[in-house]
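# Here is a sequence with its predicted model. Questions after.
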Amino acid sequence: MLQDTAAQTQQWSFILSQLFDWVMTGLAWIVPFQNRVLGYVLQGDNFWRLAGTAILLLLPAAALIAGIWGTMVALYTIPFRLARSVTLLQSILMAWWDTLRMVWFYWAGMVRFLVVLVGWVWGLIKTSVQLVWGTLKGAVTSPLAVLDATSRRPGVPWPAFFLLIVWSAVEATIFTFTLRPTMSELLADLTGYEVNGFALIVILWIFLAIIIAGSFACIHVLNEAVKARQTGNIIFMILVEIAVAMFEVLFLYRELVDAMTPWLAQQGIQLGVFGTIGLAFFGWVGVRGMTWFLFGRFGAPALIGLLGRQAFAVEGSAAHGSTPSMADYWKGPISALKAEREWFRKEAREVFELMSLPVLQVVAAGLNFAFVVFTGRGHFTLPFKSIEDVLAASHFPARVSGEVAR
């Protein structure tokens with residue numbers, strides 16, 4: 001009895017040993033084969049060749065190796081699945097068909113991604129060039145458009161106001177350097193010591209700027225008095241304007257004429273007192289007349305209204321409608337920002353799908369061989385059409401429970 005038991009045990013050990021050797025012999029050739037395949041894929045003389053070979057061949061090679069392992073292991077399970085052997089062979093063939101298709105789709109997807117990437121880069125370059133060109137064009141045309149809108153829409157004449165301020169500052173600067181020697185000598189004689197040059201220039205510049213801006217205000221008040229036919233104000237403002245003119249002529253424009261006297265003497269022209277004052281007065285009238293008719297008549301009322309905190313009203317302003325609110329100014333940029341945000345979200349999703357689907361499809365094709373070994377058929381339905389298909393194919397436990405219920 002013991003001898004029979006020992007003989008049976010030895011017989012079963014021999015059978016299992018032969019079976020194990022047979023299985024291992026059938027699987028042993030895969031290891032050197034996969035080493036050779038991966039060694040070919042992962043070798044390169046330089047970084048770019050290695051990176052290119054890995055990108056093109058690593059995933060297909062991994063799917064090929066996974067298919068070989070899954071096929072061989074699944075074939076060894078046929079004796080245990082005799083009732084479903086036909087279905088198992090069909091599943092193996094479909095898994096190989098899906099693998100070949102997914103490898104081809106992987107390479108085609110890479111080409112598609114490169115074509116789309118080139119298109120995006122070209123579009124980005126075109127957009128950047130258009131943006132730069134539009135910015136330069138806007139920088140040139142925007143001031144003109146603002147001036148055009150300002151000229152068409154009633155309101156405060158800001159260009160004339162700023163020109164009046166700038167002209168007063170320029171004229172004050174010129175006369176400051178013209179009068180500085182005279183004022184320095186005068187203050188030195190009055191005080192008995194040398195005045196600080198920088199302090200004198202600052203004080204003199206502020207004083208002259210106020211006087212020059214005030215001369216435009218005097219002309220404006222005189223003009224309004226003439227329009228209103230106010231005789232008393234006309235006479236009063238004429239006297240004030242004469243005083244202003246004499247002050248500016250004697251202390252400002254006369255200095256300019258004195259600076260020209262050596263050149264006039266070289267030309268044989270000798271100016272006396274009346275000639276000097278007359279030429280200075282002629283210069284004052286010419287400068288004031290040109291600046292008044294150019295921007296002074298529009299900027300002086302704005303300056304007086306700003307200093308007096310008075311509203312600058314223009315007749316007919318109500319006919320042009322009310323001023324748009326701040327919400328109207330921001331509505332367009334906010335809408336454009338929302339549209340750009342939606343566009344970027346759409347493009348980002350497309351980029352993600354173009355990069356992810358080819359890779360995920362090859363990976364899913366390789367995993368289908370593992371599912372064939374354990375469940376008898378593949379789990380993933382290939383190819384994936386969108387990311388939603390990938391997410392839907394991930395719910396394996398629910399599918400298995402449904403099959404068990406059936």
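Cool, got the structure.
# Next secondary structure after the lengthiest helix in the chain?
Ranked by residue count under DSSP state H, the longest helix found in the chain is helix 85-152. With elements assigned by DSSP states H and E, the helix or strand that comes after helix 85-152 is helix 158-191.
# In terms of secondary structure, what does that following helix contact?
If you count contacts as 3 or more CB pairs under 8 Å, 6 or more residues apart in numbering; DSSP states H and E, helix 158-191 packs onto helix 85-152, helix 197-228, helix 254-266, helix 297-307. (Glycine included, C-beta is placed from N, CA and C.)
# distance between the ends of stretch 375-392?
Taking CA to CA, to the nearest Å, the span from the opening residue of stretch 375-392 to its closing residue is 19 Å.
# would you list the helices and strands packed on helix 158-191 in TSV and tack on distance to W284?
Written out in TSV, the entries for these read as follows (distance: least, CB to CB, whole Å):
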stretch	distance to W284
helix 85-152	30
helix 197-228	9
helix 254-266	10
helix 297-307	17
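# Tell me which of those is the most buried.
When you average the neighbours per residue for each of the helices and strands packed on helix 158-191 (mean count of other CB atoms under 10 Å), helix 297-307 leads with a mean of 18.
# quick one: that helix to helix 158-191, angle?
What separates the directions of helix 297-307 and helix 158-191 is an angle of 70 degrees, with axes from the mean of the first three to the mean of the last three CA atoms, to 10 degrees.
# ok, back up a step: quick one: list the elements packing against the longest helix of the chain.
When contacts are defined as 3+ CB pairs under 8 Å, 6+ apart, helix 85-152 sits against helix 47-76, helix 158-191, helix 326-375.
# Where do the domain boundaries of this structure fall?
2-114+343-396, 164-313 (automatic domain parsing).
# I'd like the ones you listed as a markdown table, with distance to V129 and mean pLDDT appended.
Below are those laid out as a markdown table (distance: least, CB to CB, whole Å; pLDDT from 0 to 100):
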| stretch | distance to V129 | mean pLDDT |
| --- | --- | --- |
| domain 2-114+343-396 | 19 | 80 |
| domain 164-313 | 37 | 81 |
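# will you turn the ones you listed into JSON lines that also has distance to T135?
Listed next are the domains of the chain as JSON lines, based on distance: least, CB to CB, whole Å:
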{"stretch": "domain 2-114+343-396", "distance to T135": "20"}
{"stretch": "domain 164-313", "distance to T135": "27"}
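# Out of these, the one nearest T127 is which?
Shortest separation from T127 across those is recorded for domain 2-114+343-396, at 11.5 Å, computed as CB to CB.
# what about the closest one, distance to the chain center?
Relative to the chain's own centre, domain 2-114+343-396 is displaced by 46 Å; criterion: CA atoms, centre = their mean, to the nearest Å.
# Okay then, goodbye and thanks.
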